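# need coordinates for the below:
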Amino acid sequence: SYTGDWRKYKNSPISKNKRIFNELFIDFSKEIIITEGVFDSIVAGDNSVPLLGSTLSEKSKLFWEIVKNDTSVYIALDADAESKSLYIIDTLLKYDIEVYKIDTAGFEDVGSMSRRAFNQRKEKAEFMNSHKCMIRRAMML
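Numbers count the residues shown, from 1 in each chain. The predicted structure is shown next:
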């Protein structure tokens with residue numbers, strides 16, 4: 001909120017599974033960047049999609065557009081959402097989607113990064129596979 005309202009965000013009454021934020025401007029034939037919020041997506045730049053949260057359901061329109069178009073995905077969720085990131089990555093990998101994980105550690109979220117810092121992190125994004133997810137999960141225990 002920029003007006004001091006008690007709600008930080010106010011989402012649309014339509015289910016997040018039935019819509020893709022800014023869908024008109026997303027090109028699924030190119031790689032996309034998935035972020036948590038709108039301000040994160042602004043920093044991430046073109047072809048980024050905010051989840052408006054930190055989950056991506058197999059039932060969601062966004063998920064099926066990615067699968068249908070075999071879109072490469074960069075995951076850039078907040079560092080405190082590591083387990084949710086790994087779940088999303090695992091789920092996409094089941095559908096043979098190419099996935100990269102962007103390290104957001106050291107920042108509150110992507111929205112608090114400069115565009116330059118984000119792009120540097122994106123260039124160093126880790127290509128993910130099931131084995132890497134399993135190792136990361138074990139390290140969290």
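# next structured bit after the lengthiest helix in the chain?
Longest helix in the chain, counting residues (DSSP state H): helix 82-94. Counting by DSSP states H and E, the next helix or strand C-terminal to helix 82-94 is strand 99-101.
# in three-state terms, label the spatially most central residue of the chain for me.
The centroid of the chain falls nearest to Ile34 when counting by CA atoms, centre = their mean (2.5 Å). Using DSSP: H, G, I helix; E, B strand; the rest coil, the structure places Ile34 in strand.
# ok, it - contacts?
Ile34 makes contact with 48-51, 56, 73-77, 88 under the criterion CB atoms under 8 Å, 6 or more residues apart in numbering. Just so you know, the C-beta spots here come from the backbone N, C-alpha and C atoms, and that holds for glycine as well.
# pretty sure Ile102 sits against Ala76.
Yes: counting by CB atoms under 8 Å, Ile102 touches Ala76, with 4.1 Å between them.
# ok now stretch 31-48, how far from the chain's centre?
Computed by CA atoms, centre = their mean, to the nearest Å, the chain-centroid distance of stretch 31-48 equals 7 Å.
# quick one, helices of the protein?
For the chain, helices defined by DSSP H occupy the ranges 38-44, 61-69, 82-94, 115-123, 130-140.
# what score does Gly4 have for pLDDT?
Looking at Gly4, its pLDDT stands at 68.
# can you check Glu36 too?
Looking at Glu36, the pLDDT reads 94.
# against Ile102, how distant is it?
From Glu36 across to Ile102, the span is 12 Å (CB to CB, to the nearest Å).
# overlap in contacts of these two?
Here Glu36 and Ile102 have Val110 as joint contacts, going by CB under 8 Å, 6+ apart.
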